[in-house]
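Asks: Here you go, sequence then predicted model.
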Amino acid sequence: MNQPSRRKPWMTFLLLAGMLAMVPGMTPQAADAQSTTELRLATVAPEGSPWMRVFRAWDNELRERTGGQLGLRFYAGGSQGQEQDYIDKMGSGQLDGAAVTSTGLGQIVKPVLVLSAPGAIETYEQLDRVRRRMNSRFETQFNRSGYQLLGWGDVGKSRLFSKHRIAQPSDLRSRRPWVPSTDEVFTEVLNVVGANPRRLGITEVYPSLQTGMIDTVPGSAIAAVSLQWYTKLSFYSEQSTGVLIGATILKKSKFDSLSAEHQTALMETSQRAHRLLQRAIRREDDRSLRVLDRRLTAVDTAAHEAEWRQVAETARNNLAGRVYPRALLQAVMRAAGN
């Protein structure tokens, strides 16, 4: 079988992405189904979201690149459970990989939560610098834990969304804030403030907003829109407090079982996909914020900036030595320029 031309891979990738944006869910037909290896990956990202449009395009390019011999089968929308479930299923062989947020990543390599340390990384520019300078360190840590890091992802700028106005940290004490089931970072912020977290999986957030079990959620504009949380909320913080991150990971044993040619194809298409995803998510997060601005009321927290910064500093220092090494925190903050 003749190999497709590689002279302009970006043109091919972007064309596929454009086609998928018009026809969500379109998947290529393998030339020989029996010879196709499909890597099974789970994500909470819903079908039709920017994440899944890029992931579908990535799958198409990978199949084209390998003549239909290697592809990606994504289980979207939390159909495989919560992020902890993904990790358990990767361990038992039911899944090969997953696209997870920092909470899921921290279940595998806890020190990676330093990238979410309160106040350590506040802008995309800082995040990009930290990733460039420290990527190899984190790749090594994931490899030692039995995983291949396929690519970093963004989840948008971090904000607080609530049914009630939250302008200063003490406002959280009378609220019912959600935290992911295994979260440690935002939980520490709430501990410093004196608020009580409600632990739930991501897919439980929407129904819990409906019933009133929770009334406040940390997240990004794109997440609030994609997961429909905003329909049950009234306010959002005008100022962002950082950048939410994620990554796509694969069991290293599965990666090692691939041929050298297929490993190269997987990593090269993954790198292009995650660069495209990074740009798409940052753009869509801005667009989602404009959607929210028409539906919700923005809360200006600038008058209480010093209080928020003090809470962030206390929380990240409390986490140092318990969640991530203090030396690693200092290295991240130096790389970020703080």
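Replies: Right, received. Where do you want to start?
Asks: Could you measure from Lys157 over to Val114?
Replies: Taking CB to CB, to the nearest Å as the measure, Lys157 falls 18 Å from Val114. Placement of C-beta: from N, CA and C, glycine included.
Asks: Neighbour count: those two, which is higher?
Replies: Val114 (28 against 22; other CB atoms under 10 Å).
Asks: Contacts only, for the more buried one.
Replies: Ala120, Val323, Tyr324, Leu328, Leu329, Val332 (CB atoms under 8 Å, 6 or more residues apart in numbering).
Asks: Please apply the same query to Met267.
Replies: By CB under 8 Å, 6+ apart, Met267 lies in contact with Leu150.
Asks: Need the pLDDT of it.
Replies: Met267 carries a pLDDT value of 98.
Asks: Just to be sure, it is in a helix?
Replies: Yes: judged by DSSP: H, G, I helix; E, B strand; the rest coil, Met267 forms part of a helix.
Asks: list the helices and strands the longest strand seen in the chain packs on?
Replies: If you go by DSSP state E, the chain has its longest strand at strand 147-162. If contacts are counted by 3 or more CB pairs under 8 Å, 6 or more residues apart in numbering; DSSP states H and E, strand 147-162 sits against strand 97-101, helix 124-144, strand 216-219, helix 221-226, strand 235-237, strand 242-251, helix 252-257, helix 260-295.
Asks: Relative to the whole chain's centre, how far out is the fourth one?
Replies: Centre-to-centre, helix 221-226 and its host chain are 12 Å apart (CA atoms, centre = their mean, to the nearest Å).
Asks: Contacts for it, please.
Replies: 45-46, 49-50, 155-157, 159, 161, 217, 229-230, 233, 236, 244, 281, 284-286, 288-289, 291-292.
Asks: Could you check how far the most centrally placed residue in the chain is from Lys110?
Replies: Centroid-nearest residue in the chain, with CA atoms, centre = their mean: Gly246, separated by 2.8 Å. To Lys110, Gly246 is 16 Å away according to CB to CB.
Asks: Contact partners for Ile108?
Replies: Contact partners of Ile108, counting by CB under 8 Å, 6+ apart, are Ile87, Phe142, Ser145, Tyr147, Ile249.
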